[in-house]
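Enquirer: okay, sequence plus prediction incoming.
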Amino acid sequence: MRVPRVLAINPYIYDFAAYDFWSSPLGLLYIAGILRQNGFHVDLIDCMSVREEKRKPDGRAPYVKQKVAKPDVLGGVRKNLRRYGVSPEELSAVLRGMEPPDIILVTSIMTYWYVGAMEVVNLARQVHPRSKIAVGGIYPTLCREQARVSFADSDLVVPSGEMGRFYGFIEAATGRKLDFTPLMDNLDILPYPAHDLYGDIPFVPLLTSLGCAFSCTYCATSYMYPTMTRRGVDSVLDEILHWHERGVRRFVIYDDSFLYGSRHHARPLLQRIAALPFPVDIYNPNALNAAFIDDEIAALLARSGFREVRIGLESVDPEVQANTGGKVTGAVFERAIASLKRAGYGREQVRAYILAGLPGQPWQEVKKAIDYLKALDVTPSIAEYTPIPHTPLFERFKDSARFPVADDAIYQNNAIFPYAWEGFTEEDLNYLKRYAK
Ligand code: SF4
């Protein structure tokens, strides 16, 4: 029987700034793993190539980039727009050198990156007109209607919660019944993401859970994953061993709520990782929740290989803390920092995120948070607010941004500072970034 051929593509992006902070098209790689388990042949083109010679010891690296002309809609933005990753010409050449796939899968991740994904879909359609093209990812999940228009050239645009529809499409496109059609409600039965499709694997992101117990007003996690789902500790350990045998030493925890209910998840998992006969390096680009860090957890983070700990403060103002979700208070945060210090983490290894650019936020509030963190001997890290559809903050303030954020996802890019106002200007933001350093 002929083996169906699938091509998975992670598109290049257009942005004003981008850097590979352990990013990976994890959803696409999970889908690739599932289709391989069904007997499909899968190839991968990851357009987000990095400058390997500049890769840091921790695995991060700058993307290949090129300055490009801004589209008219971004004409007023006083920053250079760049394409990050390979050029359309390079992608086109690679596509032309391939046997036409039966199916092309394209992921579209951040909402405001959709233009790159759209170009990639159009290019794939030109080069392989008979292939069936499906687009998934965060953009189709959060901007369903707009994504349908953006990807009119594709055969399927599918939000992440509609796996049944996706499998039906694959069966119809290939004429093959799929034997293995897991939903995302049992992470333990999923095959490992297909990281092996990369030559070298600089790091492996570990998804140990999906969803979050909180509902912060600026965050779409509870919309994307209404219930929390967790993997068993054995399953995560097996995955670490699997990749370690293939030479991987760096792992990245992507979970949104890794430490929640830690007695049944993070504690036993970290204990097992700490007891491995080899060291690993672990990074957490998504912040850990300070409310769940005590002396025992902090010591376990250090023993299991967390080289640094990223933690969420967001604001130092008690009212803002309470109104945006109540995940942390000053007292709770300080207790967590004290535990991390006792576990041996120094200033450079404890980074706390502060939200900047919330609707109506005065710049002084961010400066206060920076001063607070400096006094605690913690490295401040400014996270610019991104308006994300289906979040309470987005719904409440979508009409008061200085760009029409609800009409076109391109305006949801935090780099264009959608909620700048006279009390918090771009100059203020630049000052705060320098001040935080
Ligand atoms: S705790 Fe983090 S992941 Fe959970 S809702 Fe808040 S911001 Fe989102």
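Expert: It's in. Residues are numbered from 1 along each chain as shown.

Enquirer: which residues of the stretch 251-400 of the chain lie near the ligand?
Expert: 256-257, 289, 325, 327 (C-beta under 6 Å from any ligand atom). The C-beta positions use only the backbone N, C-alpha and C, and glycine is treated the same way.

Enquirer: tabulate these (JSON lines), appending neighbour count, pLDDT and secondary structure.
Expert: Shown next, in JSON lines, are those (neighbours: other C-beta atoms under 10 Å; pLDDT from 0 to 100; DSSP: H, G, I helix; E, B strand; the rest coil):
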{"residue": "256", "neighbour count": "21", "pLDDT": "90", "secondary structure": "coil"}
{"residue": "257", "neighbour count": "23", "pLDDT": "92", "secondary structure": "coil"}
{"residue": "289", "neighbour count": "21", "pLDDT": "94", "secondary structure": "coil"}
{"residue": "325", "neighbour count": "19", "pLDDT": "82", "secondary structure": "coil"}
{"residue": "327", "neighbour count": "24", "pLDDT": "83", "secondary structure": "coil"}
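
Enquirer: of the residues you listed, just say which sits nearest to the ligand.
Expert: Using C-beta to the nearest ligand atom, residue 256 is the member of these that lies nearest the ligand, at 3.5 Å.

Enquirer: quick one, what contacts the closest one?
Expert: 209-212, 219, 221, 225, 286 (C-beta atoms under 8 Å, 6 or more residues apart in numbering).

Enquirer: name the helices or strands packed onto whichever strand or helix holds residue 427?
Expert: In this structure, residue 427 sits in helix 426-436 according to DSSP states H and E. Other elements packing on helix 426-436 under the criterion 3 or more C-beta pairs under 8 Å, 6 or more residues apart in numbering; DSSP states H and E are strand 350-356, helix 363-375, strand 379-384.

Enquirer: give me the pLDDT for residue 153.
Expert: Here the pLDDT value assigned to residue 153 is 89.

Enquirer: same deal with the one 10 residues further on?
Expert: pLDDT recorded at residue 163 is 95.

Enquirer: ramachandran angles for it?
Expert: phi -60, psi -30 (degrees, to the nearest 10).

Enquirer: number of residues surrounding it?
Expert: 18 (other C-beta atoms under 10 Å).

Enquirer: ok, now the one 3 residues further on?
Expert: When neighbours are counted by other C-beta under 10 Å, residue 166 registers 19.

Enquirer: from residue 153, how far out is residue 280?
Expert: 43 Å (C-beta to C-beta, to the nearest Å).

Enquirer: would you map out the domains in the chain?
Expert: Taking automatic domain parsing as the criterion, the chain consists of the domains 5-174, 204-436.

Enquirer: now the end-to-end length of the last one.
Expert: This means domain 204-436. Domain 204-436 has an end-to-end distance of 30 Å (C-alpha to C-alpha, to the nearest Å).

Enquirer: do stretch 100-113 as well
Expert: The straight-line separation of the ends of stretch 100-113 (C-alpha to C-alpha) is 26 Å.

Enquirer: could you say which helix or strand contains residue 311?
Expert: Assigned by DSSP H and E, residue 311 falls in strand 309-314.

Enquirer: who touches that strand?
Expert: Under C-beta under 8 Å, 6+ apart, the answer for strand 309-314 is 216, 283-290, 293, 298, 301, 320-321, 324, 327-328, 333, 336-337, 340, 345, 349-355, 369, 372-373, 381, 383.

Enquirer: how far does whichever helix or strand comes after it sit from its chain's centre?
Expert: Following strand 309-314 in sequence order, the next helix or strand is helix 318-323 (DSSP H and E). The chain centroid and the centroid of helix 318-323 are separated by 25 Å under C-alpha atoms, centre = their mean, to the nearest Å.

Enquirer: buried set for helix 318-323?
Expert: 320-321 (16 or more other C-beta atoms under 10 Å).

Enquirer: for stretch 228-242, same thing?
Expert: Here stretch 228-242 shows 228, 230-231, 233, 235-237, 239-240 as buried, counting by 16+ other C-beta under 10 Å.

Enquirer: and what of stretch 294-306?
Expert: Of the residues in stretch 294-306, 297-306 count as buried by neighbour count, 16+ other C-beta under 10 Å.

Enquirer: got it, and stretch 307-316?
Expert: Here stretch 307-316 shows 307-316 as buried, counting by 16+ other C-beta under 10 Å.

Enquirer: columns distance to residue 32 and pLDDT on top of those residues, output as a markdown table?
Expert: A markdown table is the format used below for these (distance: C-beta to C-beta, whole Å; pLDDT from 0 to 100):
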| residue | distance to residue 32 | pLDDT |
| --- | --- | --- |
| 307 | 29 | 97 |
| 308 | 30 | 97 |
| 309 | 31 | 98 |
| 310 | 28 | 97 |
| 311 | 32 | 96 |
| 312 | 31 | 93 |
| 313 | 37 | 93 |
| 314 | 35 | 89 |
| 315 | 39 | 91 |
| 316 | 43 | 91 |
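
Enquirer: redo the residues you listed as TSV? Include distance to residue 275.
Expert: Converted to TSV, those look like this (distance: C-beta to C-beta, whole Å):
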residue	distance to residue 275
307	18
308	22
309	20
310	24
311	25
312	28
313	32
314	34
315	38
316	38
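
Enquirer: residue 127: which of these is nearest?
Expert: The closest of those to residue 127 turns out to be residue 310 (C-beta to C-beta; 40.3 Å).

Enquirer: that closest one pairs with what?
Expert: residue 351 (DSSP bridges).

Enquirer: that one and the ligand, how far apart?
Expert: 12 Å (C-beta to the nearest ligand atom, to the nearest Å).

Enquirer: for residue 96, same thing?
Expert: Distance from residue 96 to the ligand, counting by C-beta to the nearest ligand atom: 41 Å.

Enquirer: I'd say that residue and residue 127 touch.
Expert: Yes - contact criterion C-beta atoms under 8 Å: residue 96 and residue 127 qualify, at 5.7 Å.

Enquirer: higher neighbour count, these two?
Expert: Between residue 96 and residue 127, residue 127 has the larger neighbour count (other C-beta under 10 Å), namely 18 against 10.

Enquirer: not counting sequence-adjacent ones, nearest residue to the more buried one?
Expert: Counting by C-beta to C-beta, 6 or more residues apart in numbering, residue 95 is the residue found nearest to residue 127 once chain neighbours are left out, at 4.2 Å.

Enquirer: in which helix or strand does the one you found reside?
Expert: Under the assignment here (DSSP H and E), residue 95 is part of helix 88-96.
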